[in-house]
Each structure stands twice: as C-alpha cells, then as structure tokens.
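[1] How does the following fold in three dimensions:
(one chain, ligands or ions: 1)
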Amino acid sequence: MCTSIAKRTHDFYFGRTMDIEYNFDESVIFTPRNYSLPFRKMSTLDRHYAILGIATVKEGYPLYADAMNERGLCIAGLNFPDNAYYPDPKDSDTNNISPFELIPWILGKCASVAETKRLLSSAHLVNIPFSKDIPVAPLHWHIADSDSSIVLENTRDGMKLYDNPVGVLTNNPGFHFQTTNLCQYMNLVTGSPKNCFSSISGLVPFGQGLGCVGLPGDFSPASRFVKAAYLNLSSICNDDEASSISQVFHILDSVSLVKGSVITSDDLCDVTTYSCCMNATKGIYYYKTYNNNQLTAVDMHRENLESNLLKSYSLTVTQQIAWAN
Ligand SMILES: C[C@H](CCC(=O)NCCS(=O)(=O)O)[C@H]1CC[C@H]2[C@@H]3[C@H](O)C[C@@H]4C[C@H](O)CC[C@]4(C)[C@H]3C[C@H](O)[C@]12C
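    Below is the predicted model of the structure:
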C-alpha cells in the first residue's frame, strides 16, 4: 500500500508513504542537469531538468519511485497490480517509453502538469523491463505541480489521464472508482453532526469528532484514499515551512502501516518503510523511515545543478533522539 498527497500552502508540497514488505536498495538520488539519461526507444537526454527523489540505481540508471524536478513538478509511482498493462513495443509507434523510464523522462523534460499532458499525448507506455532480473513494475502515477494534480493509468483500455482535484492517490481499484467512492462519505463533517436520525430521541453529540463517524481507518487502498482525501481537503495549515511539512507528515502518518498490522500472502510484514514530503517550490526532499521519526532533508539547491555526476544519500534508518539532558 502506498498513499500520495499534493498540498499547497505558501509553497507546494508533495508527499507519499512507501508501504512495502521489502527494501529495494533505495536512497535519495540527485540527478543533475548534465547526467545523461538514456532511453531504450528514444534518444538520450544529455541535458535536462535536475531531479531529486528516492530511487535505486542500477547500472548507473536512477530507477525512481518518487521525485521532483527543479521546476516544481512531482511524480510518485504507486502499485496498480492486475490493472496496469503495458503492451509490447511496436516499431511503428513513436515515443515508446517504459514504466521505469517514465519519471526521468517526464521530470527531465517538463516544467508543469500542462507540459506533461502534452508530452504524454504522443507517448506509448510499453513493456520493456529494465533487465532480466528487474521486471516492469505494475504502477499508476500521481503527477502534480503547484496548480494541479493528475493521475496516469495505463490499462488494457489504453492510457488515461485523470484530473485529480482531491490531490490523493492510493492503489487498486482505479482512480475513477476511488473518486466515485467518495460519494459514500459526503455526510462526513468536521464539526458536530446534526441530529437527522430522529426528531424524538433528543440525541446530542457526546464529544468532539462525531462528525467523522464512518471515516474509514483500515489500510485497504479505498479506505486510505477516503481518509487521506478527508484530511487533505479539510486541512487547516499555516503557510510557513515547519507548519506545512508537519501537516503533510501528519496526514501521511494517519494512513501509515504499523508493523504487524498487515501481513502479505508470503507471511511478510507490510510497513511504511519511508514517508516523504517534498517542498517542490524550494527543491527540498524531507523524509523519515520506519525506525527513525526524525526528518532528514536533502536540498537540491545545495548541489551543483550543472554537474554530470549522480549523487546518492543513504537513508537515515536508525532512530535519532534529541536528548534533553
Ligand atoms: C512496490 C512499490 C509501491 C508500493 C505500493 O504501492 N504498495 C501498495 C501495495 S497494495 O497494492 O496496496 O497491495 C513500487 C513503487 C515504485 C516501484 C519501483 C520503481 O518503479 C523503480 C523500479 C522499477 C523496476 O521496473 C522494478 C524495481 C523498482 C525499484 C520498482 C519496485 C516497486 O515496484 C516499487 C518500489
């Protein structure tokens, strides 16, 4: 399970949880403007926007799970098994792009969601694995900038781009289901509920939060979607950096997996291995890991944007404690 959210205060923020039962050798990877990005069916991008996010690097290639570029465009890939479908590439098709190339391709070339829509209008997502040992991942993608969010889903029906005014994505079923499902929760209110149940019973709310009775708290994708949507849309947050990143992490924490609560069919613990919040306006990637509640930050603008060398920052995975005595 994974959840992503887009949030605008003074700056634009984009965060996700990575819910997974294994590690994929991930670290924070900075891809500067002059690091060559080859594509299997398209020409190499020798110069592109700088990219910062979490990836695993194989044979020098940054396989990003989520990232932003220097222009404030963000993307996260989330599991979409059984629905994601990528046909075999046809030589006659132009702009054949593999799922593992999608994040570097879009973030390397586009400054906004509007430019991404234009780029994708001529693209074909195709079934090209990175290697024999690294198969194609069945994903859908949340793509966002400070003005809007969209969702990209490639199924047997072809490529679909959905506008995403909720600013949230989780997993199966598809995005259309998730937004339709919100209709079932239209009764939720942040204040006290009105007594619509009976005019004779004299029912009164006996505490705060009763307007949210019915808000799901389980970890299924549909429930996480509703919960993150409710919290994202009702969120009240000051404009400053500390308030904004706290708020994004609080929303992500509310849909995070505690070890032991979800066990996969292989008997492994599905946990939120990391949560991140990117300040996409300023190019700062904040994250925390399951065993470390303290935030770590990497600032793209402290790097040499013009470099031609990939830079890697290992994740901080052990608990950092600010002792008070
Ligand atoms: C499994 C991850 C998504 C987590 C998630 O959404 N879980 C939900 C579970 S469920 O549906 O609710 O059951 C995805 C997100 C990004 C993926 C990675 C990125 O796409 C980068 C490469 C791409 C390669 O093709 C495969 C390895 C890989 C390193 C991917 C491994 C894995 O598929 C990742 C890590």
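[2] so where is the chain shaky, pLDDT-wise?
    1 (pLDDT under 70).
[3] measure the closest residue to Leu305 other than its chain neighbours to His301 for me?
    Excluding its sequence neighbours, the residue lying closest to Leu305 (CB to CB, 6 or more residues apart in numbering) is Ala50, at 4.7 Å. C-beta here means a position set from N, CA and C on the backbone, and glycine is covered the same way. Computed as CB to CB, to the nearest Å, the Ala50 to His301 distance reads 9 Å.
[4] Compare these two (neighbour count), which wins?
    Neighbour totals were compared for Ala50 and His301, and Ala50 leads with 24 against 11 (other CB atoms under 10 Å).
[5] just checking, that one touches Phe30?
    Yes - with contacts counted by CB atoms under 8 Å, Ala50 reaches Phe30, the gap being 7.2 Å.
[6] Of all the residues in the stretch 151-300 of the chain, which one is nearest the ligand?
    Asn171 (3.6 Å; CB to the nearest ligand atom).
[7] tell me which element that residue falls in.
    Here Asn171, judged by DSSP states H and E, is contained in no helix and no strand.
[8] burial of it, as a residue count?
    Asn171: 22 surrounding residues under other CB under 10 Å.
[9] what residues are up against it?
    Met1, Cys2, Leu78, Asn79, Phe80, Pro81, Pro221 (CB atoms under 8 Å, 6 or more residues apart in numbering).
[10] ditto for Thr281
    Applying CB under 8 Å, 6+ apart, the residues near Thr281 are Asp11, Phe12, Gly72, Ser146.
[11] who's in contact with the closest residue to it other than its chain neighbours?
    Distance criterion CB to CB, 6+ apart; nearest residue to Thr281, sequence neighbours excluded, is Asp11 at 3.7 Å. Neighbouring residues of Asp11 by CB under 8 Å, 6+ apart: Ser146, Glu241, Ser244, Asn279, Ala280, Thr281, Lys282.
[12] Make JSON lines from those residues and add secondary structure to it.
    Formatted as JSON lines, the contacts of Asp11 follow (DSSP: H, G, I helix; E, B strand; the rest coil):
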{"residue": "Ser146", "secondary structure": "coil"}
{"residue": "Glu241", "secondary structure": "helix"}
{"residue": "Ser244", "secondary structure": "helix"}
{"residue": "Asn279", "secondary structure": "strand"}
{"residue": "Ala280", "secondary structure": "coil"}
{"residue": "Thr281", "secondary structure": "coil"}
{"residue": "Lys282", "secondary structure": "coil"}
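[13] Ile251 touches Ser234, doesn't it?
    No - here Ile251 does not reach Ser234: they are 10.1 Å apart, not a contact under CB under 8 Å.
[14] right, and Asn293 touches Thr316 too?
    No - using CB under 8 Å, Asn293 is not in contact with Thr316; the gap is 10.6 Å.
[15] These two: who's more crowded?
    Counted by other CB under 10 Å, Asn293 and Thr316 do not tie: Thr316 has more neighbours, with 17 against 12.
[16] residue at max distance from the center of the protein?
    Ile200 (47.6 Å; CA atoms, centre = their mean).
[17] Over to that residue. Which of the three states is it?
    Secondary structure state of Ile200, per three-state DSSP, is coil.
[18] do you know how far the spatially closest residue to Ile29 that is not a sequence neighbour is from the ligand?
    Excluding the flanking residues, the one nearest Ile29 by CB to CB, 6+ apart is Ala55, at 4.2 Å. Ala55 sits 7 Å away from the ligand, going by CB to the nearest ligand atom, to the nearest Å.
[19] I'd assumed Ala55 was in a helix, is it?
    No - under the criterion used here (three-state DSSP), Ala55 is strand, not part of a helix.
[20] Hmm, it is touching Asp25, no?
    No - taking contacts as CB under 8 Å, Ala55 lies outside contact range of Asp25: 9.4 Å.
[21] These two: which is more packed in?
    Using other CB under 10 Å as the criterion, Ala55 and Asp25 rank with Ala55 on top: 26 against 10.
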